[in-house]
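Visitor: what's the 3D shape of this:
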Amino acid sequence: MCMKNLPQIILMIGLTFYMPTLWAQFSDKPNPPRLDYITNNLDNGNVTIFWTKPSHEPQIADPSGYIIYVPRNPIDPDADGWDPIATVDQNTFQYTHVGANGNGQRVYYRVASQGAYEPSQMTVKHSQVWITASYDSCNAKIDLSWIGYGAWPLNALAPYRNIRYQLYMGHDPNWNTYNQIGDYDGYSNRHSVTNVQENQDYFFYIKATRMDTGYESYSNLYLIHTKMARRPTYASVDSVIAINYGNRIYYTIDPDSRVSDYKLWRWEQPDTAQSIFSAKTIEGFNVPTKSMSIDTNDTWAARTRTFYYKVDAYNGCNDAVLVSNLCNTIIPRISPRGNTVSIEWNPLILDTQRKPDRAGNRIEYSIYRRSFTVNDDISGLGNLERIASGLTVTEYSDDLSGFKGQSPLYLIRFNYYIEALELTPANDTVTLSRSREISTEILPGVTMPTAIAPNDPRSENGHERNLFKPVIDFEANFTLTIYDRWGGVVYHGNQGWDGRNSRGEYVKEGTYVYRLVVSTANAGDIVKTGSVSVVYPKK
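Guide: Residues are numbered from 1 along each chain as shown. A predicted model of the protein is given here:
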């Protein structure tokens, strides 16, 4: 070999070894872009993806475009791989995924650079902030939680740990009008809204900001409806009617209520704090259209003790969402004295504590009296009169002297009951309480004849001469005993004495002693003693 050709030979050998190295350092597969952030359009759920092209390297091909990917399984994005959904040219660095449903599900995206023969590796996946909430109806609270932005780095030393979450709330889809209610760092993921209103829409979203770059990403727009059964707008106890075996309670509840838990309560004091010691549930029911209950508990106590009734409506948390007014029983106390009956009773409550709108109302009382003649059935209707009305005091005196000596005679028994009314300034009745009808007997006037003529069938001033019995100005029960001069009982009965002894024989003329007892139920007894002459006039 000629030495003068040696340099060319060496050059050829060097090129032979160097050219493969040059080809090995150049790649048609581009580098991946940098996926910067994704953000949700709160109006329609479309998601926009933003990225930055890879830096130019001489040995690596530049991207000819970019490919956007979504997971095959959006619930578990790493489970089944990723599918391309769009390709854009090399000068486009954002893409809007129409129909992404970013308000309905958490979305994930990756981007790759498009190459001549194959794409680059995909970027790490990015996912939006995902917010959810739960409604605590028993505590009127909404508890929010969120999954933070996926792929942004946290930095404990940076402001907000490098990721800032601003929470916004509103009551309609127009999210531009919402108020910010929370401001959190990247380590936080919970917030509670208290004192929320029932049956209202609450919308929430979060704006996430990467502090070192200023990137902003919007979460889903989350709606929660604070659904609760529609509570009644009104409930009232309208009347309490006392009956012999208890009390009838009538009430009205808003029929449009969807609450299904109601309780009729009985208290023995109008004060809430004291009532807990005597409170008793009389009846529970589940429909607002029910309007009457009967309290047959403690019937004997109900005759002398005032009971207060109210209706409460409860939500599913067993919280009273509406409380009616109190309405109480009326208990009359009657004291006869001679021909006068004194009546006293407890007042009807004007419940402005639970119903402040009733402050202008007033209480009035009416008194009803039932009387009976000898021709009436004592268990029947008799003669009912309203003897007083418009009373504002809780006492009254009834003079019964006008009933004396009437024909037919009146019984000494008189019944009374009280009716208490709560009236508006326009005289509309708001509540009514009617007492039990109670009876009393008065002491009648009694006159005794001085003589009897057993064989004289005539009458004098309407009184039989041949019958010795008291002249009573009311029909009343009596017992009469006749004694002879030796103290022997000649007659004992309640019909009057016709002058005969127990053997049916007329007694002899002379003077006899009598003892009369006129009995009443609660006015005492009238006891009279004296003498009567028995005479037999000649015909």
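Visitor: so which elements touch the longest strand belonging to the chain?
Guide: Assignment by DSSP state E gives strand 410-423 as the longest strand of the chain. Under the contact definition 3 or more CB pairs under 8 Å, 6 or more residues apart in numbering; DSSP states H and E, strand 410-423 sits against strand 332-337, strand 340-345, strand 362-373, strand 429-434, strand 438-441. The C-beta positions use only the backbone N, C-alpha and C, and glycine is treated the same way.
Visitor: winner for burial among those strands?
Guide: Stretch with highest mean neighbour count among the helices and strands packed on strand 410-423: strand 429-434 (a mean of 20; mean count of other CB atoms under 10 Å).
Visitor: for that one, C-alpha coordinates in CSV please.
Guide: Extracted in CSV, the C-alpha atoms of strand 429-434 (Å, rounded to 0.1, in the frame of the first residue of the first chain):
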residue,chain,number,x,y,z
THR,A,429,-113.3,33.4,67.7
VAL,A,430,-109.8,32.0,67.8
THR,A,431,-110.0,29.5,70.5
LEU,A,432,-112.8,28.1,72.6
SER,A,433,-112.7,26.1,75.9
ARG,A,434,-115.9,24.7,77.3
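Visitor: can you give the contact residues for that strand?
Guide: 236-242, 325, 327-330, 348, 358, 361, 417-424 (CB atoms under 8 Å, 6 or more residues apart in numbering).
Visitor: nearest to D399, out of the helices and strands packed on strand 410-423?
Guide: For D399, the closest of the helices and strands packed on strand 410-423 is strand 340-345, at 5.5 Å, according to CB to CB.
Visitor: any chance of the helices and strands packed on strand 410-423 in a markdown table, with distance to H56 too?
Guide: Formatted as a markdown table, those follow (distance: least, CB to CB, whole Å):
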| stretch | distance to H56 |
| --- | --- |
| strand 332-337 | 105 |
| strand 340-345 | 103 |
| strand 362-373 | 94 |
| strand 429-434 | 88 |
| strand 438-441 | 108 |
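Visitor: D76 is nearest to which of these?
Guide: Of all these, it is strand 429-434 that lies closest to D76, at 64.5 Å by CB to CB.
Visitor: how far does that closest one sit from the chain's center?
Guide: With CA atoms, centre = their mean, to the nearest Å as the basis, strand 429-434 stands 22 Å off its chain's centre.
Visitor: that one vs strand 362-373, what angle?
Guide: Interaxial angle, strand 429-434 versus strand 362-373 (axes from the mean of the first three to the mean of the last three CA atoms, to 10 degrees): 40 degrees.
Visitor: list the buried residues in stretch 205-225.
Guide: Buried residues in stretch 205-225, counted by 16 or more other CB atoms under 10 Å: 205-211, 215, 217-222, 224.
Visitor: likewise for stretch 27-42?
Guide: By neighbour count on 16+ other CB under 10 Å, the buried set for stretch 27-42 is 30-33, 35-42.
Visitor: next: stretch 233-252.
Guide: 235-242, 246-247, 249-252.
Visitor: mean confidence score for it?
Guide: For stretch 233-252, the mean per-residue pLDDT is 97.
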